[in-house]
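1. Could you work out the structure for the sequence below:
(one chain, ligands or ions: 1)
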Amino acid sequence: MSTNNAGRKLSLETRAIHAGEPSPRIGGAITLPIFQSSTYESTREDNYHAIPYLRLNNSPNHLSLHAKLADLECTEAGLVTASGMAAITTALLSVLKAGDHLLVQSGLYGGTHTFITHDLPQLGVSFDFVDLNDPGEWQTKLRSNTRAFYAESMTNPLLTVGDLPAVVDFCRENDLVSMIDNTLASPVNFQPATIGFDLVLHSCTKYLNGHSDIVAGAILGNEEHVQAAKLKLDHYGATLDPHACFLLQRGIKTLSLRVNKQNSNAMAVARLLEKHPKVTKVNYAGLPSHVDHHRASKLFRGYGGLLSFDHCEGSLGAHQLIDRLNLVTEAVSLGGTETLATIPAESSHAGVSEAERNAIGIGSGLVRLAIGIEGEQDLLDDFTQALSN
Ligand code: PLP
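-> Sure thing, here's the model as predicted:
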């Protein structure tokens, strides 16, 4: 359900609630119940992958989520997985085979980076990292066996935004599958399929579910790509549990409300921090000072809830600040209702040498904030008091 009776496209807010819901409602239930059944009565299906069995990702909870997420990301089809990493690994393994080569944006989420650099080579897949701002470099690294290009809509923790439309053009010219992790933007701020990306991936653990109470993932794209991913997922077995499906479906219904609030809260916190004498630099694509502000403002409707900043007193200052914040908890992850803080040098980038970290702008005084949906003034007051001590 993506248009109304007059053929007008429904808003994302409306689609998040109504798209993919079963019609007629099952037993009249307004909220799709949890189908806690591993197997279903056979209708003598003609192929293995259509057998109604929980691991084959076709319970009523799964089918409803597939349709809802595909609608939100403007793709033909969707598939949910047991985590964001399950979505990423399954999608990559459905596109790549031994002998293939992959172009990869540098500065990826750590789990994806490890999978590509450690696991793919063991399976006979080679890769090259590329700068997403340098199409000339993509051309020099392109090989006859290059099969796909993997990017992220925004990077963590510096929130850079690459030349995504150029990636799509390059992939089309060279017959590559374009893949993008859209977790940090969420479909509220950006829908990569609308600019031509073939496969859109999510850690639904973050904004889509939005309540820090499950891990889940999604693969969105055309029927052919998503079906190929489903065949792999059916075998790998990384099926999303029905209770987690239920929570994800519930979370998605408030996606727009939450992300719009996170966008505005994050912008307010970024502005406050940028003016503070104890902060030397703020990384938030919504600020005109951010290196990719212009590009992000052309591509995105909002800049998300993630930002990072450098404390002028380095690691000590960063730790003291986090300890003094009353409304902010030190924890990894993002996209939930509560504001969280981490020190990337000690968490996501702990495995990277200090010299390498400093070279890419991740010093030991860098604090990453995953802004929640608390009252804006309460957050501003909390940061002001924590920085003034
Ligand atoms: N992609 C991004 C951008 C992430 O930040 C994360 C997790 O932090 C993942 C993927 C992996 O998601 P999950 O933890 O749900 O497997």
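
2. Pull the contacting residues for E152.
-> Taking C-beta atoms under 8 Å, 6 or more residues apart in numbering, we find E152 in contact with 105, 108-109, 180-184. C-betas here are computed from N, CA, C, even on glycine.

3. and it, bridged to which residues?
-> Note on E152: beta-bridge partners by DSSP bridges are D181.

4. how near is it to R324?
-> E152 sits at a distance of 32 Å from R324 (criterion: C-beta to C-beta, to the nearest Å).

5. likewise I252?
-> 35 Å.

6. Work out for me the element L79 sits within.
-> Assigned by DSSP states H and E, L79 belongs to strand 77-81.

7. Can you give the contact residues for that strand?
-> 57, 62, 65-70, 87, 90, 204, 216-223, 225-227, 229-230, 233, 238-240, 245, 248.

8. circling back to that earlier point, higher neighbour count, I252 and R324?
-> More crowded of I252 and R324, by other C-beta atoms under 10 Å: I252, with 25 against 15.

9. Was I right to think the more buried one contacts H211?
-> No. Using C-beta atoms under 8 Å, I252 makes no contact with H211, being 10.8 Å away.

10. Can you show me the strands along the stretch 101-250 of the chain?
-> Secondary structure of the stretch 101-250 of the chain (DSSP state E, counting those that start in this stretch): strands located at 101-105, 126-130, 146-152, 177-181, 199-203, 217-221.

11. thinking K278 is in contact with L316, fair?
-> No. Contact criterion C-beta under 8 Å: K278 and L316 do not qualify, at 11.9 Å.

12. neighbour count winner among those two?
-> Each of K278 and L316 has its neighbours counted (other C-beta under 10 Å); K278 has more, 15 against 11.

13. Could you measure from that one over to the ligand?
-> Per C-beta to the nearest ligand atom, to the nearest Å, K278 is found 27 Å from the ligand.

14. what's the distance between R172 and S178?
-> Distance of R172 to S178, computed by C-beta to C-beta: 8 Å.

15. any shared contact partners between those two?
-> What both R172 and S178 touch, as defined by C-beta under 8 Å, 6+ apart, is the set G196.

16. Between those two, which has more neighbouring residues?
-> S178 (25 against 12).

17. how close does that one sit to V95?
-> 10 Å.

18. okay, and the common contacts of those two?
-> 148, 199.

19. ok so, going back, make CSV out of the contacts of E152 and add distance to G124 and pLDDT.
-> As requested, the contacts of E152 are exported to CSV (distance: C-beta to C-beta, whole Å; pLDDT from 0 to 100):
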residue, distance to G124, pLDDT
Q105, 22, 97
L108, 21, 92
Y109, 23, 92
I180, 24, 98
D181, 23, 98
N182, 28, 98
T183, 28, 98
L184, 30, 98
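
20. can you dump the C-alpha coordinates of the helix or strand of the chain with the lowest mean pLDDT into PDB?
-> One helix or strand of the chain scores below all others by mean pLDDT, DSSP states H and E: helix 354-360, with a mean of 87. Backbone C-alpha positions of helix 354-360 (Å, rounded to 0.1, in the frame of the first residue of the first chain) are rendered in PDB as follows:
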ATOM      1  CA  GLU A 354      47.100   5.300  17.400                       C
ATOM      2  CA  ALA A 355      49.000   6.700  14.400                       C
ATOM      3  CA  GLU A 356      46.500   5.300  11.900                       C
ATOM      4  CA  ARG A 357      43.600   6.600  14.000                       C
ATOM      5  CA  ASN A 358      45.000  10.100  14.300                       C
ATOM      6  CA  ALA A 359      45.700  10.100  10.500                       C
ATOM      7  CA  ILE A 360      42.000   9.500   9.800                       C
END
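
21. And the contacts of it?
-> Counting by C-beta under 8 Å, 6+ apart, 107, 158, 345, 349, 363-364 sit against helix 354-360.

22. Quick check: next helix or strand after it?
-> Trace forward from helix 354-360 with DSSP H and E and the next one is strand 366-370.

23. Now do that following strand: which elements does it pack against?
-> The elements that strand 366-370 packs onto, with contact taken as 3 or more C-beta pairs under 8 Å, 6 or more residues apart in numbering; DSSP states H and E, are strand 306-311, helix 314-324, strand 340-342.

24. who wins for proximity to the ligand among these?
-> When the helices and strands packed on strand 366-370 are compared by C-beta to the nearest ligand atom, strand 306-311 sits nearest the ligand, at 8.8 Å.

25. nearest to the ligand, of the contacts of helix 354-360?
-> Among those, and counting by C-beta to the nearest ligand atom, the member closest to the ligand is G107, at 11.0 Å.

26. what sits against the closest one?
-> If you count contacts by C-beta under 8 Å, 6+ apart, G107 has them with 155, 158, 160, 360.

27. Quick one: buried ones out of those?
-> Neighbour counting by 16 or more other C-beta atoms under 10 Å classes 155, 158, 160 among the contacts of G107 as buried.

28. Setting aside sequence neighbours, what's the nearest residue to the residue in the chain positioned nearest to the ligand?
-> Taking C-beta to the nearest ligand atom as the measure, the chain has G84 as its residue closest to the ligand, at 2.4 Å. With sequence-adjacent residues excluded and distances taken as C-beta to C-beta, 6 or more residues apart in numbering, G84 is closest to S203, at 2.5 Å.

29. Neighbouring strands of the strand holding L79 in the sheet, and parallel or not?
-> For strand 77-81, pairing defined by DSSP bridges yields strand 217-221 (antiparallel).

30. and the partner strand with strand 199-203, angle?
-> Angle of strand 217-221 versus strand 199-203, following axes from the mean of the first three to the mean of the last three C-alpha atoms, to 10 degrees, is 170 degrees.

31. Please renumber the chain so that the first residue is 51 from this point on.
-> Yep, numbering from 51; the last one is strand 267-271 now.

32. now strand 267-271: mean pLDDT?
-> Per-residue pLDDT over strand 267-271 has a mean of 99.
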